[in-house]
Every structure is written in structure tokens, then in C-alpha cells.
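Novice: A predicted structure for the sequence below; I have some questions about it.
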Amino acid sequence: MQNSTAKTSATITTEYLTTPEAAGYLKVSPQYLEGARSRGDGTGPPYVKLERAVRYRRHDLDAWMASRIHAADKPI
């Protein structure tokens, strides 16, 4: 008799990116992201800080970019 209990594994859907990886994903310079973090005025994307390590979640980067979409009929 075969065991019908299937093992399931949790899939990790959050991908954490380093500053250079996040910059490459957004097509901006790492210095842009570093400057946004140091200003602390909320203009940059959300990030996670673990001691000295900074990580960006891919879905946060996508949401941050989407929040900056300008309509073609409105001036910047």
C-alpha cells in the first residue's frame, strides 16, 4: 500500500535584492537609492535594514514605480 500523504513545502515568494541588484532592476544608479535612503523623506522605495545590510523586496520596488506613473496628458 502506498502512502497517500503528500509533503508540501512552503514557497518563498518574496525576493530580497541588494542595493546594486535593486538599482539594476529599476535601471537607476545605486547612488540614487543610497541618496533616497539617507534623505529619509520617503521619496525612495521601502527597504529592509538588518544591521548594516539593506535589502529591497521586488514587489515593493514594483509598487513604488507604479505609484510614480504620470498620465500622458498631465505635465510633469
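Specialist: That came through, no problem. None of the values given here were measured: they were computed from a predicted structure.
Novice: every contact and neighbour count from this point should use C-alpha atoms.
Specialist: Will do.
Novice: which parts of the top strand by length along the chain are buried?
Specialist: Ordering each strand of the chain by length in residues (DSSP state E) puts strand 53-57 first. Across strand 53-57, burial judged by 16 or more other C-alpha atoms under 10 Å covers 55-57.
Novice: let's have the residues you listed in TSV, adding pLDDT.
Specialist: Formatted as TSV, the buried residues of strand 53-57 follow (pLDDT from 0 to 100):
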residue	pLDDT
Arg55	97
Tyr56	97
Arg57	97
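Novice: can I get the residues you listed in TSV with distance to Val48?
Specialist: Output for the buried residues of strand 53-57, formatted as TSV (distance: C-alpha to C-alpha, whole Å):
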residue	distance to Val48
Arg55	5
Tyr56	6
Arg57	8
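Novice: quick check, nearest of the residues you listed to Pro46?
Specialist: Nearest to Pro46 out of the buried residues of strand 53-57 is Tyr56 (C-alpha to C-alpha; 6.9 Å).
Novice: right, and that closest one touches Thr18 too?
Specialist: Yes. Counting by C-alpha atoms under 8 Å, Thr18 is a contact partner of Tyr56 at 6.4 Å.
Novice: much appreciated, bye for now.
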